[in-house]
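[1] Test case, fold it:
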Amino acid sequence: MCALAARPWLRAVRSIFASSERKARDGAQILADRLGIDGYSLVAGLGENDRSATGYLPKHEFEATVDEFFAQPQISIRGWEPGVDAQSRIVHAVEQIMSQASDDGDLVIVGHGANPSGAKRATDPNSTGLCPPSFRITEHDGCQPSNGSKSGSLPAHVNDDVAE
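    Okay, here's the model as predicted:
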């Protein structure tokens, strides 16, 4: 997240929003501190899918359940929130943020979680899987305009830089 905070396209950020999950809050605070922004706003609807029905699962069992979750997003797997429900909730949260955002600068939305195919797309410079159609993923700068221009601001809701 510290490396992300050094990206030149973040200079125009004036607002930061985060899910209530610990990694997202930590990341949002790092960005706020590095960018000189006074804090961030929590948005409950940004949380990852509700998996509380199973509690902790051993790694191999968790990974198998995650695979099934993504393979069948329309249904609840082992009591987990269905993928389509989680997606709808998160999209609604992002739409609310965008509709209420001020026009005095860019914003960043910090979330947590990825799936294996999403992680693969995030590292593929030829993919637009995590960016809007007019953007592409670059190796060092995340989503960038497809025309190669570095000017302008990125829609913060489409950048999926991951901090480990």
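[2] how about the strands in the protein?
    Under the criterion DSSP state E, the chain contains strands at 13-18, 41-42, 106-110, 135-138, 142-145.
[3] In the sheet, which strands lie alongside the second one, parallel or antiparallel?
    On the basis of DSSP bridges, the sheet neighbours of strand 41-42 come out as strand 13-18 (parallel).
[4] Next, the buried residues of the strand it pairs with.
    Of all the residues in strand 13-18, those buried under the rule 16 or more other C-beta atoms under 10 Å are Val13, Ser15, Ile16, Phe17, Ala18. For glycine as for every other residue, the C-beta is placed from the backbone atoms N, C-alpha and C.
[5] Stretch 100-116 now?
    Under the neighbour-count criterion of 16+ other C-beta under 10 Å, stretch 100-116 has Ala101, Asp106, Leu107, Val108, Ile109, Val110, Gly111, His112 buried.
[6] then it to CSV, C-alphas only?
    Extracted in CSV, the C-alpha atoms of stretch 100-116 (Å, rounded to 0.1, in the frame of the first residue of the first chain):
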residue,chain,number,x,y,z
GLN,A,100,-22.4,11.3,-3.0
ALA,A,101,-18.7,12.0,-3.8
SER,A,102,-17.7,15.7,-4.0
ASP,A,103,-16.3,17.1,-7.2
ASP,A,104,-13.2,18.6,-5.6
GLY,A,105,-10.9,15.7,-6.4
ASP,A,106,-10.6,12.0,-7.0
LEU,A,107,-11.5,9.3,-4.5
VAL,A,108,-10.1,5.9,-3.6
ILE,A,109,-12.2,2.9,-2.5
VAL,A,110,-10.2,0.3,-0.5
GLY,A,111,-11.5,-3.2,-0.3
HIS,A,112,-10.1,-6.6,0.5
GLY,A,113,-10.2,-9.9,-1.2
ALA,A,114,-9.6,-11.4,-4.6
ASN,A,115,-10.3,-14.6,-6.4
PRO,A,116,-7.6,-16.5,-8.3
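[7] Report the mean per-residue pLDDT for it.
    Averaged across stretch 100-116, pLDDT comes to 76.
[8] do the same with stretch 34-54
    Averaging pLDDT residue by residue across stretch 34-54 gives 92.
[9] go on, stretch 74-84?
    On average, stretch 74-84 scores 95.
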